[in-house]
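Engineer: Mind folding the following:
(chains A and B)
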Protein chains: 2
Amino acid sequence: MSAELPPVRYAGRPDAVRAALDGRTLLVSTPSNIRWLTGFGGTLGWVVVAPHRVTLVTDGRYEERATADLARAGVDADVVAARTRPALRELLVATAGTSGTVLAESAHLSHASWTDFAKDLSLGPDEGTITGLRRVKDEGELARIGRAAEIADAALGEVTPMLGEGPTERDVRDELDQRMRRLGADGLSYEPIVASGPELAARPHHETSRRPIVEGDTVIIDVGALVDGYHSDMTRTYVVGEPTDEQLELYALVRTAQQAGLDAVAPGVAGQDLDAACRRVVEEAGYGDWFVHGTGHGVGLDIHEAPFAAKAGTEDVLVEGDVVTVEPGLYRDGFGGIRIEDLVTVTPTGCRRFTHLPKDSPCLPSRPTT
Amino acid sequence: MSAELPPVRYAGRPDAVRAALDGRTLLVSTPSNIRWLTGFGGTLGWVVVAPHRVTLVTDGRYEERATADLARAGVDADVVAARTRPALRELLVATAGTSGTVLAESAHLSHASWTDFAKDLSLGPDEGTITGLRRVKDEGELARIGRAAEIADAALGEVTPMLGEGPTERDVRDELDQRMRRLGADGLSYEPIVASGPELAARPHHETSRRPIVEGDTVIIDVGALVDGYHSDMTRTYVVGEPTDEQLELYALVRTAQQAGLDAVAPGVAGQDLDAACRRVVEEAGYGDWFVHGTGHGVGLDIHEAPFAAKAGTEDVLVEGDVVTVEPGLYRDGFGGIRIEDLVTVTPTGCRRFTHLPKDSPCLPSRPTT
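Structural biologist: You can find the predicted model right below:
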C-alpha cells in the first residue's frame, strides 16, 4: 500500500479563502482548518488571512516544522514565531491589527480568548468560512481517505478470525492498532472501539475494556486509520459462535437500514433525510427506541465534521465531494449492540464506497488455512 | 504491575466544588474537569453543579456508561440524557436554569456556545474553580500517575537498545506503544515523540517520521502512559555510537540545568523561578538561544495543566501535591537536540521523582546478554 498518492492541492486555498472573505481579515485558530489551509500539522499555531498576506503565527517549538510543512505544501505564507505566551499574543494582535473587523472562528475560539483579543481587535464571528470550503474534498484528499479506509478494511479483515479465540477487547484493539501501522497508516483515526457482550456492546461509545470476548457475544468493532492527516471510519459487528434468531433478525434489520441510507445518499439530499431513510426502516420494525444516535457525519481532517446526518440539529445538505459515514445501530442493555458503518463520498448520482469489508452476515469468517 | 492502586477519592469532590461556589451554579464543560468531578470518562457531557444537586447531562450514546462510571466512582449525581443536539441544549438550559448567574468555564467553552447559552442563561466567567481544586493530587491520583510513569520508564528502558540497530523513528514509536500496553497502560499519554538526527531532533514538537536512525544522531524520546485517565510524561536523549565532544558537552549542560530545576522545586516557588533556575545554567554557558520552550507544566487528567513553569505568561506558584515536569532542552538545526525530562510531585521540602530511568549519559545501554 505504498503507491504514490496524488498531491493535495493546498496552494490555491489561501486565495479561495480570501475570495470568500471579500476584503475582510480572518483569524484562523482551529487546528484542522490551519492544516487544510497551509499543510502545517502542528497543534499550536494561528493563521491570519489578510487581504494581501497570509501569516502563520506559532511558537518557537514549532517554527522549524512550520516552515518545512508550508514549503512542502507549496503554500505562500510567512511564518513568524514568539517564545512566550504574552509575546505570542502581541505578535498575533500586531499581525491581525487592522482598522476593520477581524473575523474569528467563534465555534472554536474559547470565550476567554475571544474576550481577551476583543480588548485590542474589533472581532466578529466567522460563520464557518473554512469549514464550508473544506467539505468538498479534492482528488488528493479523497485518495488519502480512500487509502486510510483500505488500511482499516485490511486490518479488520485480518483480525476478525481471532474473535473466536477468546481474546479480550483490548487484545483485539491492540492487534488492529499494530496491523494498521504495519499496513502504512500514519496513526489511528481514533482509538478503535471494541465493544462486546450484553452490556458493553450496548454502549455506542464504550471504552474498550479488558473483558474477554465469549461465545454468544455481539462484538462491535469501530476502526479507522490516519493517512497524511486524513481519517477513515468504519464499523462491523460480529456474533461469536452460532447466532441466535434474535441476533440474526436484528442484524438483518440494521443491514437493511444501512442499505437504505447508502441508497439515499446523493447531492441535494438533506442530512435529516439521510437519517430518516435509515430510521424509518428501524422504526417500522418497532425498534426506533434502540437507535440512540444520528446516522452519520462528515470525515476528513477531523473525524467528525460537516455534513451531519441526524434527526435534528443539522441543516446540512449533501453536495458532491462530501465524505460521510452511514452508520445506523441498535443497542439494548442485556442484548448488546449492532452497528454497521461504511464511509462514502458523494458522487453526481449517488455515492462511492471507501469501505468494502463484507457485511452481509454477522458470522465470523474462518481463519484462512494457508 | 497489576497491584491494586488506592482509590481516587471522587466522592468528596462535588461538595468541595459547591463550597468554592458559595451558592452559585457552575456549568462544567471541560472533559477533564467532568472526569475529575464525577469519574465519567466519556467525551460528550456537561455537569451542572447547583447548590442542592449535581447533574450529568449527556447524550443517548453515553447514558449507560455515565451511569456505570458514576456508580463506580461513588459519586452522588443524577444522569439525564437527550438524543439530539437541540434536545440536549434544552435539557442543559432547564437543568442550569436559575434566577441568578450561572458560571461557565470560559477558558474551554467556545465563544459561539457561550453566546448561544447567554440567550437563555445569565452567564458569568468561572475563574478556574475546578482547575484550581484539581492541582493538588490525592493519594489515588499520585499512585496512578506513578504507575503510568513506571510503565513508561520500563518501556523506554526495554526499547533503547534497539536504537543502535538502525530502526526508523516510527519503529521505535510503535515498539514503545506496544510495550506500554503490554505493561498494563490503558493507552498512551500522547503519541510518543521520537526525533532523531541533525534536523528532526532540532524540532521540540517533531512528528515521528519514517527516517532511519543512524550513527551520530542525537535521538530525543518523549513518552508517557495513561492509567485510569492519568498521564505520565518523560524524555530521555541518546546519542547513537560514540558521542562527539560537542554532544557530550551539551548533554552535560542540559543535565546540569535539569538538576538545577529539580533542586529548585518546592512549595512556594514561582513557576517563573523554576524556569529561571534551568535557564540560568543554559544562558551562562552561552546557549540561551537554543532553549526555545518553557521548563515545565503540570500533569494529571490532562497532559498539560497548571502549574506552568515558563519565562513569562504564568503567575503559578508551586504547592504541595502539584505534579510537574522539569524538562529543559537545547535545539539547533544542524546539531539536533537534547532534552531531559522528569516528572515529579511537590513535597513539603522539595520533590519526589516518578521517573527513574538513568540519565547521566547519552550513551546507549548495551542489549542485555540474557
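Engineer: For the rest of this, base every contact and every neighbour count on C-alpha atoms.
Structural biologist: Will do.
Engineer: Using just helix, strand and coil, how would you label the residue of chain A most remote from its centre?
Structural biologist: For chain A, the residue at maximal distance from the C-alpha centroid (C-alpha atoms, centre = their mean) is residue A:99, at 37.6 Å. Following DSSP: H, G, I helix; E, B strand; the rest coil, residue A:99 is assigned to coil.
Engineer: Give me the most central residue, chain A.
Structural biologist: residue A:303 (1.7 Å).
Engineer: what is the nearest residue to it once chain neighbours are set aside paired to in the beta sheet?
Structural biologist: In space, and not counting its chain neighbours, residue A:303 is closest to residue A:231: 6.0 Å by C-alpha to C-alpha, 6 or more residues apart in numbering or on different chains. Taking DSSP bridges as the rule, residue A:231 bridges to residue A:226.
Engineer: With residue A:193 instead?
Structural biologist: residue A:222.
Engineer: shouldn't it be in contact with residue A:173?
Structural biologist: Yes. Residue A:193 lies in contact with residue A:173 (C-alpha atoms under 8 Å); the separation is 7.1 Å.
Engineer: And the helices in the stretch 51-200 of chain A?
Structural biologist: A:63-73, A:85-96, A:111-117, A:129-135, A:139-159, A:169-182, A:197-200 (DSSP state H, counting those that start in this stretch).
Engineer: tell me the contacts of residue A:115?
Structural biologist: For residue A:115, no residue meets the contact criterion (C-alpha atoms under 8 Å, 6 or more residues apart in numbering or on different chains).
Engineer: can you pull the contacts of residue A:166?
Structural biologist: Contacts of residue A:166 by C-alpha under 8 Å, 6+ apart are A:212-214.
Engineer: any idea which of the residues you listed is closest to residue B:32?
Structural biologist: Comparing the contacts of residue A:166 against residue B:32 with C-alpha to C-alpha picks out residue A:212 as the nearest, at 28.4 Å.
Engineer: What is the burial count for the closest one?
Structural biologist: By the criterion of other C-alpha atoms under 10 Å in any protein chain shown, residue A:212 has 15 neighbours.
Engineer: How much space separates it from residue B:229?
Structural biologist: 22 Å (C-alpha to C-alpha, to the nearest Å).
Engineer: and what of residue A:114?
Structural biologist: Residue A:114 sits at a distance of 30 Å from residue B:229 (criterion: C-alpha to C-alpha).
Engineer: How about residue A:143?
Structural biologist: 35 Å.
Engineer: swap in residue A:249?
Structural biologist: Distance from residue A:249 to residue B:229, by C-alpha to C-alpha: 38 Å.
Engineer: So for the two, which sits in the more crowded spot?
Structural biologist: Neighbour count, other C-alpha under 10 Å: between residue A:249 and residue B:229, residue B:229 has more, with 21 against 12.
Engineer: tell me the contacts of the closest residue to that one other than its chain neighbours?
Structural biologist: The shortest distance from residue B:229 to any non-neighbouring residue, by C-alpha to C-alpha, 6+ apart, is to residue B:301 (5.7 Å). Residues near residue B:301 by C-alpha under 8 Å, 6+ apart: B:32, B:35-36, B:229-231.
Engineer: Please list the residues of the stretch 151-300 of chain A that sit near chain B.
Structural biologist: Within reach of chain B by C-alpha under 8 Å from any C-alpha of the partner chain, the stretch 151-300 of chain A has these residues: A:174, A:178, A:202-206, A:292-294.
Engineer: what's the most distant pair in those residues?
Structural biologist: Once C-alpha to C-alpha is applied, those give A:178 and A:292 as the farthest pair, at 31.2 Å.
Engineer: For those two, indicate the residue with more neighbours.
Structural biologist: When neighbours are counted by other C-alpha under 10 Å, residue A:292 comes out ahead of the other of residue A:178 and residue A:292, with 22 against 18.
Engineer: Neighbours of the nearest residue to the more buried one once chain neighbours are set aside, how many?
Structural biologist: The shortest distance from residue A:292 to any non-neighbouring residue, by C-alpha to C-alpha, 6+ apart, is to residue B:60 (5.5 Å). By other C-alpha under 10 Å, the residues close to residue B:60 number 20.
Engineer: re earlier: buried only: go through the residues of the stretch 151-300 of chain A next to chain B for me.
Structural biologist: Neighbour counting by 16 or more other C-alpha atoms under 10 Å in any protein chain shown classes A:174, A:178, A:202-206, A:292-294 among these as buried.
Engineer: how about the strands of the stretch 151-300 of chain A, start to end?
Structural biologist: Ranges of strands within the stretch 151-300 of chain A are A:187-188, A:193-196, A:218-223, A:225-227, A:230-231, A:234-239, A:296-298, based on DSSP state E, counting those that start in this stretch.
Engineer: what angle separates the third one from helix A:139-159?
Structural biologist: Which is strand A:218-223. Here the directions of strand A:218-223 and helix A:139-159 differ by 150 degrees (axes from the mean of the first three to the mean of the last three C-alpha atoms, to 10 degrees).
Engineer: How far off centre is strand A:218-223?
Structural biologist: 17 Å (C-alpha atoms, centre = their mean, to the nearest Å).
Engineer: could you say what helices and strands it packs with?
Structural biologist: strand A:193-196, helix A:197-200, strand A:234-239, strand A:336-339 (3 or more C-alpha pairs under 8 Å, 6 or more residues apart in numbering or on different chains; DSSP states H and E).
Engineer: out of these, nearest to residue B:106?
Structural biologist: Across these, closest to residue B:106 is strand A:193-196 (C-alpha to C-alpha), at 31.3 Å.
Engineer: how much space is there between the residue farthest from the centre of chain A and chain B?
Structural biologist: 22 Å (C-alpha to the nearest C-alpha, to the nearest Å).
Engineer: Check the gap between that residue and residue A:154 for me.
Structural biologist: Distance, residue A:99 to residue A:154, using C-alpha to C-alpha: 54 Å.
Engineer: got the helices and strands packed on strand A:218-223 as TSV, with distance to residue A:224 and mean neighbour count columns?
Structural biologist: Formatted as TSV, the helices and strands packed on strand A:218-223 follow (distance: least, C-alpha to C-alpha, whole Å; neighbours: other C-alpha atoms under 10 Å in any protein chain shown):
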stretch	distance to residue A:224	mean neighbour count
strand A:193-196	10	28
helix A:197-200	20	23
strand A:234-239	6	26
strand A:336-339	15	28
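Engineer: wait, what's in contact with the closest residue to residue A:276 other than its chain neighbours?
Structural biologist: Distances taken as C-alpha to C-alpha, 6+ apart put residue A:311 closest to residue A:276, at 6.8 Å, once the chain neighbours are dropped. By C-alpha under 8 Å, 6+ apart, the residues touching residue A:311 are A:272, A:275-276, A:294, B:84.
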